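# quick one, what's the 3D model for this:
(2 chains)
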Amino acid sequence: MIDRIPIDAVGVQERVARLCTRSIKKESKLQALDLALRMMDLTTLEGSDSEGKVRQLCNKALHPYTELPNIPSVAAVCVYPNRVALAKSILKDSSISIASVATAFPSGMSSLQIKLDDVNYAVSEGADEIDMVISRGAFLSGEYARVYDEIAQIKEACGTAHLKVILETGELGSLENVRMASDLAMKAGADFIKTSTGKITPAATMPVVLVMLQAIRDFHVATGKKIGMKPAGGIRSSKQAIQYLVMVKETLGNDWLDPSLFRFGASSLANDVLMQWVKEKTGRYQSLNYFSND
Amino acid sequence: MSEKNSSVLPTQSKQTTVPIDWSYAEAPESISHVTFNKSYGLFINGSFTEYNENQSFESTNPANGECLYRCTEASESDVDAAVKAARTAFEGVWGNYSGTQRSHYLYRIARLLQERAREFAVLESMDGGKPIRESRDIDIPLAAAYFFYYAGWADKLSYAFPGKTPKPLGVCAQIIPWNFPLLMLAWKIAPALACGNTVVLKPAETTSLTALKFCELLQDVGLPDGVVNIVTGAAKTGEYLVQHPDIDKIAFTGSTEVGKVIQRSIAERQLPSTFELGGKGAFILFDDAALNEAVEGIVNAIFFNQGHVCCAGSRLLVQEGVAEKVIDLLKKRMQHLIVGDPLDKNTDIGAINSKEQLETIQRYVKTGIQEGATCFECSSSLPTSGYYFPPTILTGVSQSSSVVQEEIFGPVLTIQTFRTTDEAIEKANNTPYGLANGIWTDKGSKIFYVGSKLKSGVVWSNTYNKFDPTSPFGGYKESGKGREGGLSGLHAYVKLDNNGGVY
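Numbers count the residues shown, from 1 in each chain, chains lettered A, B, ... in the order given. I've put the predicted structure just below:
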């Protein structure tokens, strides 16, 4: 069903290293920071997430930095299903989407029925986007058809909600597997493919994301469909975010430099981007104390 | 297996926006920290001679075609003075130094090169046109690495040749090309000095600047006078040097054509010599290779240093079944190559070294098209002044095409297909050259099988254009004789007590 495509990990790392030599300055840096902010899925996925925490995150999404009112807002907030309704009530009049993890996140260790119920619940609460996890155990034991069917059925359960498929690349063991899982997820109906839950180390890495972007490019050539990409976890600095944008541009082209096709799943990245943004606008660095922690 | 959802396009997120046209702003490397003279004399016996306007030539910055500095063209008597200084230094000082003493100087040179790396990188890019990314990340660090490596051998020569006593040859005449000016200088000077020889070196006439700056560095190091002498000039100066009766060794890197002339002229002299000449490397890409990484490899093989690389993988031999896909991927990749100001940190392809070389490349591509090739160029805009040529691929060529047979020395790749492994080997070997080839396959056994059949000094597998001081480098057939680098590189600069020299 899915071909195993040879990948040379050393070559991938060399390509990444070369991409990281790009020097992004002045107006292109400002453009990139602007983009990074607009592409952000502000995320809180802790067992201890209180209503207050989610409220705070949503307010941060609405008002990233009050000193500069024209600063762009983020793409989405990402929460657990039982916090979707609350987020919805705060963000309903904004352009910000509500993403919810589902399908027995983060391990995916449950029955398909429970996963589908999880998705249905999140959607009924008002989620615009569903971030599902694949069954890594099934994938690693070679049950590709099962993984495929699960994704396809969850996609159906999503209805009009956007489906992001988390591969949890930190558990897949090789870049070849990452590529194969990407191809599988896209064929099964993913709107986005996403690296990680953020619960496993390593989370998003540049070599992994490069391989996924190449899979997206080849899928586009073969089918004409544009699939989105979301690296999640481990991206904390603006510099890293800009390196990812360079990678997207030079692998997929400018078409993918849009929140509808690329997202950052991150929590602490926002403040660093804001700090750099303010610095580019005012020429001065502000103390981190001036940026609210969400 | 249900495919029912496959027709559903990704739903737009709530924020609908127009994709931005994101391009990289200029990111020029600062040149405020570098200094150089408007004119240079020759470096003979530890100091610079007076610049001689009457026998001088200019060196241009290929990025804008303007004069960067002027050099003195060494006359026969200048070359004679340089060789005499080298002889005196060899007999009076350097030849008597212990290996430990020599290594101290070489380590100092290496360390100082590292300290001044940024300065040398900027100068190299201004003088030769190569992108700062390469001079900063490859040329200069590697030049320092060669000095470090051979510094390590200087006091261990007796272990390099067990049972024999290595002795220096004497005065070495060294002629280097314009494609890697400082790196080629390091390849030549480091092993020569490590083995106890003294040197008269002639840089290429279009790229003398880093060699001349290197002389300042030697003065800072306190290298004894006359151990290294630099004579600038063109072919005539080279001829004086090669013909000089008191040299003990010739090391030449450059074109096969000039290499043959030199070999003819020294044929009667029993002079130890090493030659590193042209090439027409094949990049053999099998259908089971990691194609994305191979495409990146192709970019490194042919577009590195504007294709001014003797070991460049200038002929892509791709297995028929994946040819279309590879060419498509390569074309896509080429759209992201940036041709432009060598000093911009985002430049991938800098300026062609000289007007003459640019014309040569243009002529070859024209001939290729006349012979039936289809030409594809990268879309990057070219600067309006200076010498630039876009990365280019030529498809529809055959083994007999002149662009396949002859070395172009520019960012031009020819693409041929093959069906069987043996056909690939035959095509790769069917050239007068034999410097370097690359094999790309996921199968280890294939690498060893094909590698053992290729007639070339270097075979890279699943990578290309990798250099390391520990690794010997050199050619088969008309690509040269002798090896530089590694333990083999020492052979070229010593005579052994019982056989009077290896080469």
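# spatially central residue in chain B, please.
In chain B, the residue lying closest to the centroid (C-alpha atoms, centre = their mean) is B:Phe180, at 4.3 Å.
# show me what contacts it?
B:Phe180 sits next to B:Asp139, B:Asn305 when contact means C-beta atoms under 8 Å, 6 or more residues apart in numbering or on different chains. Just so you know, the C-beta spots here come from the backbone N, C-alpha and C atoms, and that holds for glycine as well.
# can stretch A:190-198 be found next to chain B?
Yes. Using C-beta under 8 Å from any C-beta of the partner chain, stretch A:190-198 reaches chain B at A:Asp191, A:Phe192.
# quick check: mean pLDDT of that stretch?
Across stretch A:190-198, the average pLDDT comes to 97.
# mind checking the end-to-end distance for that stretch?
End-to-end distance for stretch A:190-198: 19 Å, by C-alpha to C-alpha, to the nearest Å.
# on the three-state scheme, the residue of chain B at minimum distance from chain A is what?
At 2.8 Å from chain A, B:Glu293 is the closest residue in chain B, using C-beta to the nearest C-beta. Assigned with DSSP: H, G, I helix; E, B strand; the rest coil, B:Glu293 falls in the helix class.
# could you report the pLDDT at it?
98.
# can I assume it is in contact with A:Arg15?
Yes. Using C-beta atoms under 8 Å, B:Glu293 is in contact with A:Arg15, at 7.1 Å.
# so between these two, which is more surrounded?
A:Arg15 (26 against 23; other C-beta atoms under 10 Å in any protein chain shown).
# which residues does the more buried one contact?
With C-beta under 8 Å, 6+ apart, A:Arg15 has these contacts: A:Leu210, B:Asn292, B:Glu293, B:Glu296.
# what do you get for B:Ser379?
B:Met334, B:Gln335.
# residue 145: which element?
You didn't say which chain, so I picked chain A. helix A:144-158 (DSSP states H and E).
# um, chain B though
Using DSSP H and E, B:Ala145 sits in helix B:140-154.
# tell me the mean pLDDT for whichever helix or strand comes after that helix?
Per DSSP H and E, helix B:140-154 leads on to helix B:157-160 as the next helix or strand towards the C-terminus. Computed over helix B:157-160, the mean pLDDT rounds to 92.
# for helix B:157-160, which positions count as buried?
By 16 or more other C-beta atoms under 10 Å in any protein chain shown, the buried positions in helix B:157-160 come out as B:Leu157, B:Ala160.
# just how off-centre is it within its chain?
Distance, stretch centre to chain centre, for helix B:157-160: 28 Å (C-alpha atoms, centre = their mean, to the nearest Å).
# CA atoms only for that helix, dumped as CSV, please.
Extracted in CSV, the C-alpha atoms of helix B:157-160 (Å, rounded to 0.1, in the frame of the first residue of the first chain):
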residue,chain,number,x,y,z
LEU,B,157,58.2,11.2,9.9
SER,B,158,60.3,8.3,10.9
TYR,B,159,57.1,6.5,11.9
ALA,B,160,55.5,7.3,8.6
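# show me what it is in contact with.
B:Gly99, B:Trp153, B:Thr165, B:Pro166, B:Ala194, B:Cys195, B:Leu487, B:Leu490, B:Val494.
# so what does the helix or strand that comes right after that helix touch, helix or strand wise?
As assigned by DSSP H and E, the chain's next helix or strand after helix B:157-160 is strand B:166-168. Strand B:166-168 sits against helix B:157-160, strand B:494-496, with contacts defined as 3 or more C-beta pairs under 8 Å, 6 or more residues apart in numbering or on different chains; DSSP states H and E.
# mind doing that once more with 10 Å?
Strand B:166-168 is packed against helix B:157-160, helix B:181-194, strand B:494-496, with contacts defined by 3 or more C-beta pairs under 10 Å, 6 or more residues apart in numbering or on different chains; DSSP states H and E.
# and the shortest one, which strands flank it?
With DSSP bridges as the test, strand B:494-496 is paired with strand B:166-168 (antiparallel).
# which other residues reach the strand it pairs with?
B:90, B:94-95, B:99, B:102, B:157-158, B:160, B:192-198, B:248-249, B:490-491, B:493-497, B:500-501 (C-beta atoms under 10 Å, 6 or more residues apart in numbering or on different chains).
# now do the helix or strand just after it against helix B:181-194, angle only.
Later in the chain than strand B:166-168, the nearest helix or strand by DSSP H and E is strand B:171-175. Counting by axes from the mean of the first three to the mean of the last three C-alpha atoms, to 10 degrees, strand B:171-175 lies at 170 degrees to helix B:181-194.
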